[in-house]
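1. Have a look; sequence and predicted model below, questions after that.
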Amino acid sequence: MATKVDFAVSGQHYLFNVPAFAQTILALGGDSYCYALRDRSTRGVMDDVVSGDADLGVLVEVSSTKEALEADLAAAGLEFHELATSAPRVALPITHPFINAKSLSLDQLADYPYVFFDQGPGAPTQFYEEALAEVPRAKRVITTDRATLSELIMALNGYTVTSGIFVGITDGTALTTIPLQTDVVLHLGYITKRGAQLTDVGERFVGHLKKNLSFYVD
């Protein structure tokens, strides 16, 4: 028997949507409910919103590939709603030799493993969550899970490129972020079906998300 979900959000593997989702549940309260927060690839987020399995999807657009991604969204009948912008940062384990650097370039990180999220076979560059994903790296490790990515970064003394917004989640105690030397900008927001109106719960979630982002973005 299928479980009826009262409200669902699908998002890429960034952390900033997690507190907003929890805050929404706590604010609504109730003796009985079923909500869903799903980590997906970029295509998975889009598919969930198109199918109605998610009320909305949380995405990050990278300025260098933003135009191409928005064309894909439009072709799928979706639209992006921007909430904030942020500068990309390098996420490193707190034991990394570069931990005290004021900023880092990808050239400086060339000898360290780059850990990133799998977007599926043949995924175009605009689907990657990490800024500068198109830059070749000699050492690459692909994963599908957020916790696994953090563990791999720590175990391999590796790195990834992220928004740097941990918002109090436990990853922030094991990893730290340092500004990345780039002009690329991250556009943080959510997607809906084109012209769709958010439900009251959706409005609550987006309100929490926007408020949280305002405290942490650059």
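-> Arrived safely, thanks for sending.

2. Out of the helices and strands in the chain, which is least certain?
-> When the helices and strands of the chain are scored by mean pLDDT, DSSP states H and E, helix 171-174 comes last with a mean of 59.

3. Mean confidence (pLDDT) on the helix or strand just after that helix, please.
-> Sequence-wise, the next helix or strand downstream of helix 171-174 (DSSP states H and E) is strand 175-179. Averaging pLDDT along strand 175-179 yields 90.

4. buried sites along strand 175-179?
-> Buried residues in strand 175-179, counted by 16 or more other CB atoms under 10 Å: Leu175, Thr176, Thr177, Ile178. C-beta coordinates here come from the backbone N, C-alpha and C atoms, glycine included.

5. Neighbouring strands - and their directions - for it?
-> As defined by DSSP bridges, the strand partners of strand 175-179 come to strand 89-93 (antiparallel).

6. Could you list every helix and strand in contact with the helix or strand that the partner strand is followed by?
-> Going down the chain from strand 89-93, the next helix or strand is strand 114-117, by DSSP H and E. When contacts are defined as 3 or more CB pairs under 8 Å, 6 or more residues apart in numbering; DSSP states H and E, strand 114-117 packs onto strand 140-143, helix 146-156, strand 160-162.

7. can you give me how far strand 114-117 is from the chain middle?
-> 13 Å (CA atoms, centre = their mean, to the nearest Å).

8. With just CA atoms, put it into CSV.
-> Output of strand 114-117 as CSV, limited to C-alpha atoms (Å, rounded to 0.1, in the frame of the first residue of the first chain):
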residue,chain,number,x,y,z
TYR,A,114,38.4,15.6,-6.1
VAL,A,115,35.2,14.1,-4.7
PHE,A,116,31.9,15.0,-6.4
PHE,A,117,28.4,13.8,-6.9
